[in-house]
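Asks: sequence first, then the predicted structure, then my questions.
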Amino acid sequence: MAEMAANGQSPEVLFWVGCAGSFDERYKAVTQAFVKILNKVGVSFAVLGPEETCTGDPARRAGNEFLFQMQAVANIQVMNAYEVKKVVTACPHCFNTIKNEYPALGGNYEVIHHSQFLQQLINEGKVRLQGGGEFKGKKITFHDSCYLGRANNVYEAPREIIKALDVELVEMKRCKTKGLCCGAGGAQMFKEPESGKKDINVERTEEALATGAQAIAVGCPFCLTMMTDGVKNKNREADVKVYDLAEMVAKDMGI
Amino acid sequence: MSILPQLAFVLILGAAGYILSKRIKFLRRNILLGKAETRNDQPENRWKTMLLVAFGQQKMFKRIVPAFLHLLIYVGFLVINLEVLEFVLDGIFGTHRLFAPFLGGFYTAAMNMFEFLAFGVLVSCFAFLIRRNVMKVERLNKPELKGWPVKDANLILVIEIVLMFAILTMNATDQILAERGNPHYLALGTLFFSSLIRPVFEGMSDGVLVFIERFAWWFHIIGILGFAVYVTYSKHLHIFLAFPNTWYSNLKPKGEMKNMPEVTNEVNMMLGIPVENPVEPPAEIGRFGAKDVNDLSWINVLNAYSCTECGRCTAECPANLTGKKLSPRKIMMDVRDRAEEVGKSIDAGGPGFADGKSLLGDYITKEEINACTTCNACVEACPVNIDPLSIILQLRRYVAMEESGTPAQWNSMFQNMETSFSPWKFSPSDRFNWADKVKESEQ
């Protein structure tokens, strides 16, 4: 972003990478897949790079409003200085925070989730899916992220993408408004669960496996971690894969 | 005829009205123990939400069997209460079936409709008793319901069954007397459902029948007035509060947490950002987050009084489903119980909130609120748009900002965020490293 601004360019959209997209070994692959798609299509975009910090979401949900606002205000200062108008992110938590919670602190942007962005690219014919490759005819189930689904009512964009891949979309019993959480929201990602009978991600993974799907599609870095761990817990990592939507699109495009 | 029954009726009606008005004042004051909050925006949407969700029972229909049974009771309640108007007027003026001569055939049709609904209510109440006590539906048998809540639930169903039997008994005996030519009673033609129980009474003398008919009439009207008072002590308050509760629904995206402007001032000062319109610090220094009911918004407390403990929230809660202590229904029950306790204490000249107890600690534990994934399943599931999550998050704010009592792993996460601007301990300068691989592959 700094580079583009120095050259007097203003990108069409800011890609908010998020902490998982920047640091998590597994989720970096999702960031890379999404960027490759954007490059291939020729979308004018920028990232903040080292100028980006955590949106503050987990701090806020864990109760630390000071820390949240410190992060948020700093981020808003940076984005406003660059006159950012539109933000796309692959993380539903960042999506929710920037879209719904930054306006109260002076950050007003059009914010969309990468599933919505990809769906638009597909609809506009900019991304042409081969409808073949690795996923053709396979059964795939989609795990709704709470912060995309119930929190923001985005249910269809991810499903449209999966359908465009020419695969068989199989729904879990608890899906869309009734989708079961992966167990990581509300800052649970950063601590051990309270004591109970079972881990939430195992419960959810069992439900996903019961559909007979060969792949579980997700649209959230935390869900990706939790579902991948769940599949490992069930010793099914050899035959069931967990993918982010952007990875599936990139694979289909052969990039 | 003696004027005594009329006098007695007016006295009973007056007494019930007096008790009810006192109870309503008590409830209103308890709800307003919560902090002021204005939520009057988008009135059109609010009326629409109330019409769909409360009046139209939209969210009940996610579970079709209980929704149908509940609908029968609900419609029965609304429609049969029209008949109560006639009861009250008959009671005051000493008349019998005041409206019948004016309405003619329509009156008989209306009575048949009331009887049909009374029958529907009977069937539903029996079915609900079976679901609770025989089938033991899981969400209706959770630990937080032990004791009074279970009794309350069964009592409501039994009272409704008895009241409906009173209507049918009254109509059956009334019509036998009318057909025997007793001048005080009017023959209305066939009343289908009460005619089914007529054989029980056919062999009785006129005197006994008059006694039973009068007894059923008084029992029903006193029962209804008594039930109205009982409701104010019961989870059954939802029959009234569901309406304001849905009107005051949160219409914003569910994922949005309310901003704390008092924190924004300090953050801006720390970051050296000029504050154009500083929010005046409140005269009384409030708490950050919520420790007790008076730290919550009055809408949170209204939510608690609107809860009928159906447990759809808890049945969808991922933490509860996997055996954690958190139950969103219990959160709502605790808020109401604490508001009741403080309200009673204030009325008795007691210490109120200063009784050494608090919502957090004495009612709700940290273990419960720490188990929440903020997934909004409870909020989505509630048929009357109650928001347990809002309360949980306010309690967490108190624990983090006033007590520094968050779990150690969260404190480490806070530290990482303070020092490396990420919940994980990575060097901020490595944030862009992922791009190397993209550049490599695209060259």
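Replies: On my side now, so go ahead. Residues are numbered from 1 along each chain as shown, chains lettered A, B, ... in the order given.

Asks: C-alpha only now, for contacts and for neighbours.
Replies: Will do.

Asks: and the contacts of the lowest-mean-pLDDT helix or strand in chain A?
Replies: Scoring the helices and strands of chain A by mean pLDDT, DSSP states H and E places helix A:2-6 at the bottom, with a mean of 84. By Cα atoms under 8 Å, 6 or more residues apart in numbering or on different chains, the residues outside helix A:2-6 that reach it are A:10-11, A:46, A:48, A:82.

Asks: you'd agree A:P92 is up against A:C220?
Replies: Yes - between A:P92 and A:C220 there is a contact at 5.9 Å, judged by Cα atoms under 8 Å.

Asks: between the two, what contacts are shared?
Replies: A:S145.

Asks: comparing those two, which residue is more hemmed in?
Replies: A:C220 (29 against 26; other Cα atoms under 10 Å in any protein chain shown).

Asks: am I right that the more buried one is in contact with A:C91?
Replies: Yes - using Cα under 8 Å, A:C220 is in contact with A:C91, at 5.2 Å.

Asks: who does the longest helix seen in chain B touch, helix- and strand-wise?
Replies: When chain B is scanned for its longest helix (criterion: DSSP state H), the result is helix B:148-179. Using 3 or more Cα pairs under 8 Å, 6 or more residues apart in numbering or on different chains; DSSP states H and E, the elements in contact with helix B:148-179 are helix B:105-133, helix B:192-195, helix B:198-201, helix B:206-231.

Asks: quick one: buried residues of stretch A:42-55?
Replies: Buried positions in stretch A:42-55, judged by neighbour count with 16 or more other Cα atoms under 10 Å in any protein chain shown: A:45-49, A:51-55.

Asks: distance to chain B, pLDDT and secondary structure added to the residues you listed, as a markdown table?
Replies: Listed next are the buried residues of stretch A:42-55 as a markdown table, based on distance: Cα to the nearest Cα, whole Å; pLDDT from 0 to 100; DSSP: H, G, I helix; E, B strand; the rest coil:
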| residue | distance to chain B | pLDDT | secondary structure |
| --- | --- | --- | --- |
| A:F45 | 14 | 96 | strand |
| A:A46 | 12 | 96 | strand |
| A:V47 | 9 | 96 | coil |
| A:L48 | 9 | 96 | coil |
| A:G49 | 5 | 95 | helix |
| A:E51 | 9 | 95 | helix |
| A:E52 | 8 | 97 | coil |
| A:T53 | 5 | 97 | coil |
| A:C54 | 5 | 97 | coil |
| A:T55 | 9 | 98 | coil |
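
Asks: where along chain A do the helices fall?
Replies: Ranges of helices in chain A, per DSSP H, are A:2-6, A:18-23, A:25-41, A:57-61, A:65-81, A:92-96, A:114-123, A:156-164, A:200-210, A:221-233, A:245-253.

Asks: would you single out the least confident of these?
Replies: With a mean of 84, helix A:2-6 has the lowest mean pLDDT of the helices of chain A.

Asks: looking at the nearest residue to B:L359 once chain neighbours are set aside now. What's its pLDDT?
Replies: Nearest residue to B:L359 in three dimensions, chain neighbours excluded: B:D292, at 4.6 Å (Cα to Cα, 6 or more residues apart in numbering or on different chains). Looking at B:D292, its pLDDT is 98.

Asks: cool, and the one 4 residues further on?
Replies: B:L296 is assigned 97 on the pLDDT scale.

Asks: please apply the same query to B:E280.
Replies: Note on B:E280: pLDDT of 60.

Asks: domains for the chain, by residue range?
Replies: No chain in the question, so chain A it is. Chain A breaks down by automatic domain parsing into domains covering A:2-118, A:129-253.

Asks: hmm, I had chain B in mind actually
Replies: B:4-31+B:63-236, B:287-405.

Asks: any low-confidence regions in the stretch 101-250 of chain B?
Replies: Along the stretch 101-250 of chain B, no part satisfies pLDDT under 70.

Asks: number of residues surrounding the residue in it that chain A sits nearest to?
Replies: Residue nearest to chain A within the stretch 101-250 of chain B (Cα to the nearest Cα): B:N250, separated by 12.1 Å. Counted with other Cα under 10 Å, residues neighbouring B:N250 total 16.

Asks: columns mean neighbour count on top of the helices and strands packed on helix B:148-179, output as JSON lines?
Replies: Listed next are those as JSON lines, based on neighbours: other Cα atoms under 10 Å in any protein chain shown:
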{"stretch": "helix B:105-133", "mean neighbour count": "19"}
{"stretch": "helix B:192-195", "mean neighbour count": "19"}
{"stretch": "helix B:198-201", "mean neighbour count": "14"}
{"stretch": "helix B:206-231", "mean neighbour count": "17"}
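
Asks: switch those helices over to CSV; also include distance to chain A.
Replies: CSV is the format used below for these (distance: least, Cα to the nearest Cα, whole Å):
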stretch, distance to chain A
helix B:105-133, 23
helix B:192-195, 41
helix B:198-201, 49
helix B:206-231, 32
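
Asks: dump the ones you listed into a markdown table; add distance to A:V35 as well.
Replies: Shown next, in a markdown table, are those (distance: least, Cα to Cα, whole Å):
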| stretch | distance to A:V35 |
| --- | --- |
| helix B:105-133 | 54 |
| helix B:192-195 | 71 |
| helix B:198-201 | 80 |
| helix B:206-231 | 60 |
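
Asks: is any part of the helix or strand where B:K344 lies close to chain A?
Replies: Taking DSSP states H and E as the criterion, B:K344 maps to helix B:328-347. No - using Cα under 8 Å from any Cα of the partner chain, helix B:328-347 never reaches chain A; the gap is at least 14.9 Å.

Asks: in the very next helix or strand once past that helix, what counts as buried?
Replies: Using DSSP H and E, the helix or strand that directly follows helix B:328-347 along the chain is helix B:366-370. Across helix B:366-370, burial judged by 16+ other Cα under 10 Å covers B:366, B:368-370.

Asks: now what about helix B:366-370, what contacts it?
Replies: A:194, B:324-327, B:360, B:392-393, B:395-396.

Asks: and what of stretch B:176-195?
Replies: Defining contact as Cα under 8 Å, 6+ apart, one finds that stretch B:176-195 is touched by B:96, B:105, B:107-108, B:111-112, B:115-116, B:119, B:168-169, B:171-172, B:174-175, B:198, B:202, B:206, B:209-210.

Asks: how far does it stretch from one end to the other?
Replies: Length of stretch B:176-195, first residue to last, Cα to Cα, to the nearest Å: 9 Å.

Asks: buried stuff in it?
Replies: Under the neighbour-count criterion of 16+ other Cα under 10 Å, stretch B:176-195 has B:176-178, B:185-188, B:191, B:193-195 buried.

Asks: so B:V79 makes contact with B:F114?
Replies: Yes - look at B:V79 against B:F114 with Cα under 8 Å: they come within range, at 7.1 Å.

Asks: which bits of the stretch 101-250 of chain A sit near chain B?
Replies: Contact residues (Cα under 8 Å from any Cα) of the stretch 101-250 of chain A with chain B: A:101, A:104-105, A:146-147, A:150-152, A:177-181, A:183-188, A:190-200, A:203.
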